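S.K.: Sequence first, then the predicted structure, then my questions.
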Amino acid sequence: MAQTSSVPAKERYIPNALKFAFGGLAGMSATCVVQPLDLIKTRMQLSGGGRSSFTVAGEIVAREGFFSLYTGLSAGLLRQATYTTSRLGVYNWLFDMYKEQNAGATPSFGTKTLLGVAAGGTGAFVGTPAEVALIRMTADGRLPVEQRRNYKNVVDALVRIVKEEGTVKLWRGATPTVGRAMVVNAAQLGTYSQAREIFLGYISEGIFLHFCASMVSGLITTIASMPVDIIKTKIQNAAKGESQLSVVTNLLRTEGVFSLWKGFLPYYARLGPHTVLTFIALEQMNAAYFKYT
């Protein structure tokens, strides 16, 4: 992850197990804040209309109640516990291993990007089951009552998917999910580092610098990764028996190419703050570790 590059050097002395744990806890903390935006993004991606994010949010609150904006939170937390834990942990592990094998030399920009791609792909594969449950839970409210899956929580969702559709369906859409994660990590590493370097000439080191760089990184990453995310969402929410190819073909034929960027505002509004909040939480946990151990 890009934010790892700006973590103080002492971070390398944190035990590997805690690096994984801190990464997951930081992601889970951020998800508690941005979950409503994730739900709105999913609803917009699955909707065929040209409604704005504010319209969709208003309809959800009016029809399902305010707290329905947090539908699927348990799945979102499990996704962070699997995906973010693996992604940040694997990246730090690969980063340290590279330095050990190269006499302490820091990886080049290109190498960091490749490490991020590998870590993102690994984390995405591990987190796909929770991602499938999250997509289905956040999409349920837009379906007619008789077609809703009505999962009670993420555990119920995972158990029912296995019973009703088979274990393999937990990794439905794994290919675009892994592809999206690779794109996201590659984009974030490059743009975050570059934006941070540029802003450092005008903004002093601190949270505001990280916020500005993360929002620029989030914008570029959103543009690059949204098409893959849209396709992933459609595939994971598709009816049983519908092929991945037919899902993509129907999407392009009925909604057009620009539908691949549907829900841009909530997607960007989620990705930027989530990156910032994850980084801040990670910094605080690192600081607490050094203070109390």
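M.R.: Everything's here; your move.
S.K.: so Ile235 is in which element?
M.R.: Per DSSP states H and E: Ile235 is located in helix 207-237.
S.K.: What helices and strands are in contact with the next helix or strand after that helix?
M.R.: Note on helix 207-237: by DSSP H and E, the next helix or strand toward the C-terminus is helix 244-255. With contacts taken as 3 or more Cβ pairs under 8 Å, 6 or more residues apart in numbering; DSSP states H and E, helix 244-255 sits against helix 207-237. (Each C-beta comes from the backbone N, C-alpha and C, glycine too.)
S.K.: and the helix or strand where Lys41 lies, how far from the chain's centre?
M.R.: If you go by DSSP H and E, Lys41 is part of helix 16-46. The chain centroid and the centroid of helix 16-46 are separated by 6 Å under Cα atoms, centre = their mean, to the nearest Å.
S.K.: Return the list of helices and strands in contact with that helix.
M.R.: helix 53-64, helix 73-79, helix 85-101, helix 109-139, helix 207-237, helix 264-292.
S.K.: Take these and write them to JSON lines, including distance to Val184 and mean neighbour count.
M.R.: Converted to JSON lines, the helices and strands packed on helix 16-46 look like this (distance: least, Cβ to Cβ, whole Å; neighbours: other Cβ atoms under 10 Å):
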{"stretch": "helix 53-64", "distance to Val184": "20", "mean neighbour count": "15"}
{"stretch": "helix 73-79", "distance to Val184": "14", "mean neighbour count": "24"}
{"stretch": "helix 85-101", "distance to Val184": "9", "mean neighbour count": "19"}
{"stretch": "helix 109-139", "distance to Val184": "6", "mean neighbour count": "22"}
{"stretch": "helix 207-237", "distance to Val184": "5", "mean neighbour count": "21"}
{"stretch": "helix 264-292", "distance to Val184": "8", "mean neighbour count": "19"}
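S.K.: And the ones you listed: which comes nearest Lys41?
M.R.: Taking Cβ to Cβ, helix 264-292 is the member of the helices and strands packed on helix 16-46 nearest to Lys41, at 4.2 Å.
S.K.: what's the closest one packed up against?
M.R.: Secondary-structure packing of helix 264-292 (3+ Cβ pairs under 8 Å, 6+ apart): helix 16-46, helix 53-64, helix 207-237.
S.K.: what is the rounded mean pLDDT of that helix?
M.R.: Here helix 264-292 scores 79 as its mean pLDDT.
S.K.: How about stretch 206-220?
M.R.: On average, stretch 206-220 scores 80.
S.K.: what about that stretch, distance to the chain center?
M.R.: Using Cα atoms, centre = their mean, the offset of stretch 206-220 from its chain centre is 16 Å.
S.K.: Next: stretch 98-106.
M.R.: The answer for stretch 98-106 is 29 Å, by Cα atoms, centre = their mean.
S.K.: Stretch 210-229 now?
M.R.: Chain-centre distance of stretch 210-229: 11 Å, with Cα atoms, centre = their mean.
S.K.: before we move on, what about stretch 229-238?
M.R.: Per Cα atoms, centre = their mean, the displacement of stretch 229-238 from the mean C-alpha position of its chain is 14 Å.
S.K.: Repeat that for stretch 247-255.
M.R.: Counting by Cα atoms, centre = their mean, stretch 247-255 comes out at 24 Å from the chain centroid.
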